[in-house]
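> Predicted structure and sequence below. I'll ask about it afterward.
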Amino acid sequence: MRDLRISVTDRCNFRCVYCMPREVFDANHQFLPHSAILSFEEIARLARIFVGLGVQKLRLTGGEPLVRRDLYRLVAMLAELPVEITLTTNGSLLAKQAKALKAAGLHRVTVSLDSLDDATFRAMNDADFPVAKVIDAIEAAAAEGLPVKVNTVVKRGVNDQDIVRMAERWRGTGHVARFIEYMDVGSSNGWRMDDVVPSAEVVKRIAARWPLEPIGANYPGEVAERWRYVDGAGEIGVISSVTQAFCSTCTRMRLSTEGSLFTCLFAQSGHDLKSLVRGGASDEELRNEIAAVWQRRADRYSEIRTEATSRERKVEMSYIGG
Ligand code: SAM
Ligand code: SF4
């Protein structure tokens, strides 16, 4: 167990077609009430216990983590731990908050951006949000000294024509472009294998323009496979959960907004930690429970995925945290 992803909210101001399709997450959708979600104090306490069990990296995610009020306060609480603190965000609210987040102790940020073409991006986020504002946010974060990765989910026929342009935009900037295979998360995005652009194809298309060579992982269990431009203009990453499953080296746990522990992004259910926390469990009891969940895990969904399994009920990514 090395990475903990913490979902701080199930809400989001975007309705990305592959994550929170508007037909499902509509005006009638019931988001969690405030009383059901972990407080910053509860999250910080659990994070400390996870770090005691070996976690070295905490990633705040959601939903859109920056819609949670005063998130920098949680960052400051977590920054007391001797681990890396990162954030994944759609960037819409980042420009305003980058300074406070950096000052609170955030180490790095991942900004999701699916296209540089404004019309394509607006269609994918389905909230009519412009590209220019996300680019401003990336620059604001970099200006604060935060290392930036830019995540692009590639969906065939939707934004795959933008792969090379995306690579070009971030080449030489120090920001790392990362291309993610479109996944069958949750049960609402209507995933089909035909919509997936394999990472091998992404690498081939970019390498045809600027030669690439593979480089080793930063640490064991890293999800992105790294490639470097031979001309020295930086690196890219590809995340191939569909075509090259990495279950066997997975070191991640996920804490949902409600305080349930999930051992896999594709899980059908979690392990309730919130009841233990609110029921007065000691740190030792929580530690034993978390360790037991980790020791029992046998998840390997990406290794056994088929079109049929993609239709099984799974927890939504906006709830569990991407
Ligand atoms: N709202 C934040 C954001 O968009 O960065 C954080 C949460 S989001 C669920 C985390 C990451 O998951 C994003 O980079 C997003 O693009 C990715 N994601 C969401 N649905 C996906 C899917 N079906 N396949 C692959 N990646 C997906
Ligand atoms: Fe919101 Fe992120 Fe999901 Fe898009 S990917 S709907 S920004 S949580």
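Looks like it came in fine. Numbering: from 1, shown residues only. Ligands and ions are numbered 1, 2, ... in the order given.
> Poorly predicted segments of this structure, please.
Low-confidence segments of the chain, defined by pLDDT under 70: 186-189, 246, 299, 301-302, 304, 314, 320-322.
> Looking at it, name the residue that lies furthest from the middle.
Distance from the centre of the chain peaks at residue 280, with 30.8 Å (CA atoms, centre = their mean).
> Against ligand 2, how distant is that one?
Going from residue 280 to ligand 2 by CB to the nearest ligand atom, to the nearest Å gives 33 Å. C-beta here means a position set from N, CA and C on the backbone, and glycine is covered the same way.
> give the contact list for that residue.
Contacts of residue 280 were listed using CB atoms under 8 Å, 6 or more residues apart in numbering, and none were found.
> In three-state terms, how would residue 179 be classified?
Per DSSP: H, G, I helix; E, B strand; the rest coil, the local secondary structure of residue 179 is strand.
> do the same with residue 20
coil.
> May I have the secondary structure class of residue 294?
helix.
> Now do it against ligand 1, distance only.
As judged by CB to the nearest ligand atom, residue 294 and ligand 1 stand 22 Å apart.
> Compute the number of surrounding residues for that residue.
16 (other CB atoms under 10 Å).
> need the contact list for the closest residue to it other than its chain neighbours.
Nearest residue to residue 294, sequence neighbours excluded (CB to CB, 6 or more residues apart in numbering): residue 1, at 5.1 Å. Contacts for residue 1 (CB under 8 Å, 6+ apart) come out as 50, 53, 54, 55, 251, 253, 294.
> ok, the fifth one touching residue 5?
I take that to be residue 251. No - using CB atoms under 8 Å, residue 251 makes no contact with residue 5, being 11.2 Å away.
> more neighbours, those two?
Looking at residue 251 and residue 5 with other CB under 10 Å, you find the greater number of neighbours at residue 5, namely 22 against 18.
> that older thread, can you flag the buried ones in the contacts of residue 1?
50, 55, 251, 253, 294 (16 or more other CB atoms under 10 Å).
> which ones are touching the third one?
Read it as residue 251. Contacts of residue 251 (CB under 8 Å, 6+ apart): 1, 2, 3, 220, 221.
> repeat for the first one
When the contact criterion is CB under 8 Å, 6+ apart, the partners of residue 50 are 1, 4, 58, 253, 290.
> redo that, cut-off 6 Å
Listed by CB atoms under 6 Å, 6 or more residues apart in numbering, the contact set of residue 50 reads residue 4.
> what are the ranges of the helices in this protein?
Counting by DSSP state H, the chain has these helices, from start to end: 40-52, 71-78, 94-104, 118-125, 131-143, 163-170, 199-209, 274-278, 283-296, 301-304, 317-320.
> Quick one: closest of these to ligand 2.
Closest approach to ligand 2 among those (CB to the nearest ligand atom): helix 317-320, 4.7 Å.
> next one: the closest one to chain centre, how far?
10 Å (CA atoms, centre = their mean, to the nearest Å).
> With stretch 106-126 instead?
Chain-centre distance of stretch 106-126: 13 Å, with CA atoms, centre = their mean.
> ok, residues contacting it?
Here stretch 106-126 has contacts from 14-17, 22, 75, 84-88, 90-91, 128, 130-131, 134, 138, 141, 146-153, 159, 162, 165, 169, using CB under 6 Å, 6+ apart.
> near ligand 1 too, which of those residues?
88, 90, 151, 153 (CB under 6 Å from any ligand atom).
> Who are the contact partners of the nearest residue to residue 79 once chain neighbours are set aside?
Of all residues not flanking residue 79 in the chain, residue 105 sits nearest, at 2.7 Å (CB to CB, 6+ apart). Contact analysis of residue 105 by CB under 6 Å, 6+ apart lists 75, 76, 79.
> What spatial separation is found between residue 105 and residue 219?
Shown here: residue 105 relative to residue 219, a distance of 21 Å by CB to CB, to the nearest Å.
> again with residue 117
If you measure residue 117 against residue 219 using CB to CB, the figure is 34 Å.
> And those two? Which one has more around it.
For residue 117 versus residue 219, neighbours defined as other CB under 10 Å are more numerous around residue 117 (16 against 11).
> mind checking which of the helices of the chain is nearest residue 268?
Smallest distance to residue 268 across the helices of the chain (CB to CB): 9.7 Å, for helix 301-304.
> a markdown table please, covering the helices of the chain and showing distance to residue 225.
As requested, the helices of the chain are exported to a markdown table (distance: least, CB to CB, whole Å):
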| stretch | distance to residue 225 |
| --- | --- |
| helix 40-52 | 26 |
| helix 71-78 | 28 |
| helix 94-104 | 26 |
| helix 118-125 | 24 |
| helix 131-143 | 23 |
| helix 163-170 | 15 |
| helix 199-209 | 7 |
| helix 274-278 | 35 |
| helix 283-296 | 25 |
| helix 301-304 | 14 |
| helix 317-320 | 21 |
